[in-house]
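Novice: Sequence and predicted structure are below.
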Amino acid sequence: MSTGPGGPPATAQSEGEVATLVTGHSRQPSLLSLLRSSPIGLIGTGIISLVIVLALISPYIVPHDPIRGNLRTRYKPPGFTGDDGTHLLGTDQLGRDIFSRILVGSRVSVLVGVVAVMIAGTIGVLYGLTSGFLGGRVDGFMMRICDAMLSIPFVIRVVAISGIVGPGLVTLILILGLSGWVTYARVIRGEVLKARENDYVLAAWSIGQRPLWVVLHHILPNVIASAIVLAALQVGITMLAESSLSFLGLGVKPPTVTWGIQLADGKSVINSAWWMTAYPGIAITITVLGVVFLGDWLRDSLDPNVRGRD
Amino acid sequence: MQQFIATRIVQGIITLIIVSFLAFFLVRLKGDPVDITAPPTFNEDQKQRLRELWGFDKPLAEQYVIFITRAVTGDFGIAYLSKRPAMELVIERLGATWLLAGVASLIGLSVALPLGIISSLKRNSLFDLGSTMLASIGTAMPSFWLGLMMIIFFSVRLRLLPAFGALDPSAIIMPSLTMGVGMAAYLSRLTRSAMLEVLNEDYVRTAYSKGLITRTVVFRHAMKNALIPIMTVFGLQLGWLLGGSVVVESVFSWPGLGRLMIDSIGVRDNTVVQAALLFFSLSFITINIIIDILYAVIDPRIRFD
């Protein structure tokens, strides 16, 4: 995705505030005080905090065993009460409690979302820095590779790779990380091209600072805000891709619990047990919505020019 | 202009060559397909003969050259399972995917443009807030899940629409809606912000001040300039749409390219997977070249020299 013309306008932030945030000098409003003034930011942060806390503590608080079921209570509708207590959101084909499985399923979503985005972000930022900084033919060639990667849509890229390499949590994270870097590379390269022309960068050159120093100390701080905004947007896309892959049976394999696997289980009995399909999808939607809100708020606060979804 | 088109086509071809390279090595990531595709009763000698038959005994570089020289002529090899040319299989399915993506784009655009324009004209109104909320939810929702929910509602409960296949003309309604909603959500937000930016321009104020009505200002003046970023993102979104088609086609058993690719990956049919990847990429590149050319048609200020 490129930074194109006509980006969303920065709402309610003055130039000064943006500059403050980008450089990290807390001259005045900190990120925290900005958060207080934005309902979107607050809701997003609230949802994400809740999901992260659930991911950490869910195994200790689930009302039922999320992996071992009770075959006598299969396909029970929401609110069913059996010998072992109430199943708030019903049970699945093995009599497992849907609510407990949704709680535990947050672990994979968070883990995959965060780690894969970190991998993709690191590779993409380094690639973009290199390409933008070297310029010329190298830059042209490196960007053609990005074009080629982008011309195979993200989901198709990851479906093809994971279909061929095989399922598994670690492979899945690696695949999403190694396919997702292109977006960052493009955006960061564009930012580097702009930052290179700044007077203080030219000044740094003219007093004889070495290239690596110039890149790390003068250019990188300028482009990192875009990378952070993009990362927030990409977490949602990565989580959706994870659920798609697990749904297709190409992601994580049972007995690991993920929302995508729950949806796949539900699909075969969609005629009768709608609750198996409805609730895990709501969990995904709310989580990604939190990420989207957080990303929107970060973009409005930090960098109005980034759009992210390829 | 002609030179610009030529340059873009050359660039597109270079991109395709890199994609062919990626696709070729991707399907060979896990080594020799013969070990997986050959019947378990085959002994080592028979497997070796199979390798020679399919050309897997040659060095990779040589295999790639053979693959690419044949691919240029439209020969992607014979599919292992169906014993039919891979190209034929892909072309058969390509139309179904294009049809789905086309209808979904139409739905996406016809929802997104009005929503985005009205939102930008009534900024911060209840309508704006509502459509922004809807758009956020539409972006956050997994599209295939929306499809599943539609099946529950329209097929299981109301028994109105077929849940799968492509036999009945009404079968396209649910898969295309499923894919269109995500696009509408994303594009409506973009339309809104692109319009907001343009509406602040001096020439829009001038147009208003000389007494033109809102409709004329919006469609004659503002919309034309806002269309450029919308088209750019629309082109990129089409890639996202094609990607989503892989999952949505599986949900609705739609006989498209995405499902062909998944099925072929399942049986390790390299010939079909390679061809499918290349045709996904070709579709995406072609659309984006067309959009680049359309820029010049919409905005005569754009010159490509």
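Specialist: The structure has been received and is ready for your questions.
Novice: Can you tell me the SS state at residue A:86?
Specialist: strand (DSSP: H, G, I helix; E, B strand; the rest coil).
Novice: what's the answer for the one 3 residues further on, then?
Specialist: When states are read from three-state DSSP, the local structure at residue A:89 comes out as coil.
Novice: burial measure for it, as a count.
Specialist: 22 (other CB atoms under 10 Å in any protein chain shown). Yep, even glycine has a C-beta here, placed from its N, CA and C like the rest.
Novice: Report the contact partners of it.
Specialist: Taking CB atoms under 8 Å, 6 or more residues apart in numbering or on different chains as the contact definition, residue A:89 lies against A:78, A:97-99, A:102, A:275, A:279.
Novice: now those in CSV, with secondary structure and neighbour count?
Specialist: Converted to CSV, these look like this (DSSP: H, G, I helix; E, B strand; the rest coil; neighbours: other CB atoms under 10 Å in any protein chain shown):
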residue, secondary structure, neighbour count
A:78, coil, 16
A:97, strand, 28
A:98, helix, 28
A:99, helix, 21
A:102, helix, 23
A:275, helix, 22
A:279, helix, 22
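Novice: just the residues you listed that are near chain B?
Specialist: With CB under 8 Å from any CB of the partner chain as the criterion, no member of the contacts of residue A:89 is in contact with chain B.
Novice: so can I have JSON lines of the residues you listed showing pLDDT?
Specialist: Shown next, in JSON lines, are these (pLDDT from 0 to 100):
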{"residue": "A:78", "pLDDT": "83"}
{"residue": "A:97", "pLDDT": "85"}
{"residue": "A:98", "pLDDT": "85"}
{"residue": "A:99", "pLDDT": "89"}
{"residue": "A:102", "pLDDT": "91"}
{"residue": "A:275", "pLDDT": "88"}
{"residue": "A:279", "pLDDT": "92"}
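Novice: Which residue lies nearest the spatial centre of chain B?
Specialist: Centroid-nearest residue in chain B: residue B:242, 2.4 Å away (criterion: CA atoms, centre = their mean).
Novice: Could you pull up phi and psi at the residue nearest to that residue when sequence neighbours are not counted?
Specialist: Leaving aside its sequence neighbours, residue B:242 sits nearest to residue A:153 (CB to CB, 6 or more residues apart in numbering or on different chains; 5.0 Å). Main-chain torsions, residue A:153, degrees, to the nearest 10: phi -50, psi 150.
Novice: quick one, what contacts residue A:153?
Specialist: Taking CB under 8 Å, 6+ apart as the test, what residue A:153 contacts is A:310, B:239-240, B:242-243, B:280, B:284.
Novice: And residue A:93, by the same measure?
Specialist: A:74-75, A:265, A:268-269, A:273, A:276.
Novice: how about a cut-off of 10 Å?
Specialist: A:69, A:71, A:74-75, A:265-266, A:268-269, A:273, A:276 (CB atoms under 10 Å, 6 or more residues apart in numbering or on different chains).
Novice: can I get the residues you listed in TSV with secondary structure, pLDDT and neighbour count?
Specialist: TSV is the format used below for the contacts of residue A:93 (DSSP: H, G, I helix; E, B strand; the rest coil; pLDDT from 0 to 100; neighbours: other CB atoms under 10 Å in any protein chain shown):
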residue	secondary structure	pLDDT	neighbour count
A:69	coil	77	18
A:71	helix	77	8
A:74	coil	78	15
A:75	coil	77	16
A:265	helix	88	21
A:266	helix	85	25
A:268	coil	85	10
A:269	coil	85	15
A:273	coil	84	22
A:276	helix	89	26
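Novice: quick one: which of these is nearest residue B:90?
Specialist: Nearest to residue B:90 among the contacts of residue A:93: residue A:268, at 28.6 Å, using CB to CB.
Novice: Roughly how far does the closest one sit from chain B?
Specialist: As judged by CB to the nearest CB, to the nearest Å, residue A:268 and chain B stand 11 Å apart.
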